[in-house]
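Engineer: Quick one, what's the 3D model for this:
(one chain, ligands or ions: 1)
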Amino acid sequence: MSHIVLFGPPGAGKGTQSAMLKTEAGLGHISTGDALRAEVAAGTPLGKEVGAVMASGALVSDDLVIGVLKSRLESLNGVKGVVFDGFPRTVAQAQALDQMLASRNESVAAMVSLVVDKEELIERLLKRAEAEGRADDTRESIAKRFDEYQAKTLPVADYYRGQNKLVEVNGSGSVEEVFQRIRQATGV
Ligand code: B4P
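Structural biologist: Now for the predicted structure:
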């Protein structure tokens, strides 16, 4: 199993590149952001609990997100590997993922960190705000998402660096260019 963690700041293209890896490389895809947005849209008890947190740009609690990830992972069958998109976002989540995979005799093969300038990231997110109107693509929530990333998510890169699994990829350029860089860097 070739499990890949796609990592990067808000707007780096994790969701975009995960979709490419799913269709072009045949990997399974789990996006905790998409899963949580689906709960909010469906008005489930979990969605009601996390909706305001997400809209503010803050991270959802580790316990809730780890539960979501676990159930998605258990329901994925017949794939040659999984792209984890937007998870783990804290060191506690990274440790939980290692444990979940170890119990299946599996492990993360690589963590791909997408590197993009902050100005470009903000430009992308504001552009998406015009097109899609996502609740957390306001200037205020974008600022909060960057703060959360700096404080809680960046240490996850060190966690995987310590395991010699961190691969940095330039996330600027066309979607196709970035995708080819990821394929070259990971061999998927
Ligand atoms: P996510 O859904 O993971 O959102 P993201 O980080 O904003 O986006 P991503 O990097 O995937 O960017 P995308 O490809 O869409 O998280 C949202 C929220 O969910 C979090 O703030 C948190 O509240 C919660 N959450 C999720 N996971 C969690 C966890 N593990 N723990 C706790 N809370 C969690 O790209 C952005 C835009 O750029 C798009 O419009 C795209 O079209 C464009 N784009 C992409 N690649 C481009 C390129 N090469 N050139 C130009 N534009 C590009």
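
Engineer: got the contact list for the most centrally placed residue in the chain?
Structural biologist: The centroid of the chain falls nearest to residue 86 when counting by CA atoms, centre = their mean (1.4 Å). Going by CB atoms under 8 Å, 6 or more residues apart in numbering, residue 86 touches 6, 14, 15, 31, 32, 33. All C-beta spots, glycine's among them, are computed from the backbone N, C-alpha and C.

Engineer: Would you agree the fifth one is in contact with residue 69?
Structural biologist: Yes. Here residue 32 lies in contact with residue 69, judged by CB atoms under 8 Å, at a distance of 6.0 Å.

Engineer: Can you give me the neighbour number for the closest residue to the ligand within the chain?
Structural biologist: For the chain, the residue closest to the ligand is residue 33, as judged by CB to the nearest ligand atom, at 2.0 Å. By other CB atoms under 10 Å, the residues close to residue 33 number 19.

Engineer: quick one: the nearest residue in space to it that is not next to it in sequence from residue 25, how far?
Structural biologist: Residue nearest to residue 33 in three dimensions, not counting chain neighbours: residue 86, with 4.6 Å by CB to CB, 6 or more residues apart in numbering. In this view, residue 86 and residue 25 are 18 Å apart by CB to CB, to the nearest Å.

Engineer: since we're on the nearest residue to residue 81 once chain neighbours are set aside, how many residues are nearby?
Structural biologist: The shortest distance from residue 81 to any non-neighbouring residue, by CB to CB, 6+ apart, is to residue 2 (3.6 Å). Neighbour count for residue 2, taken as other CB under 10 Å: 17.

Engineer: phi, psi of residue 2?
Structural biologist: Residue 2 adopts backbone torsions of phi -110, psi 90, taken as degrees, to the nearest 10.

Engineer: show me what contacts it?
Structural biologist: The contact partners of residue 2, by CB under 8 Å, 6+ apart, come to 27, 80, 81, 109, 186, 188.

Engineer: Quick check on those: which are buried?
Structural biologist: 27, 81, 109, 186, 188 (16 or more other CB atoms under 10 Å).
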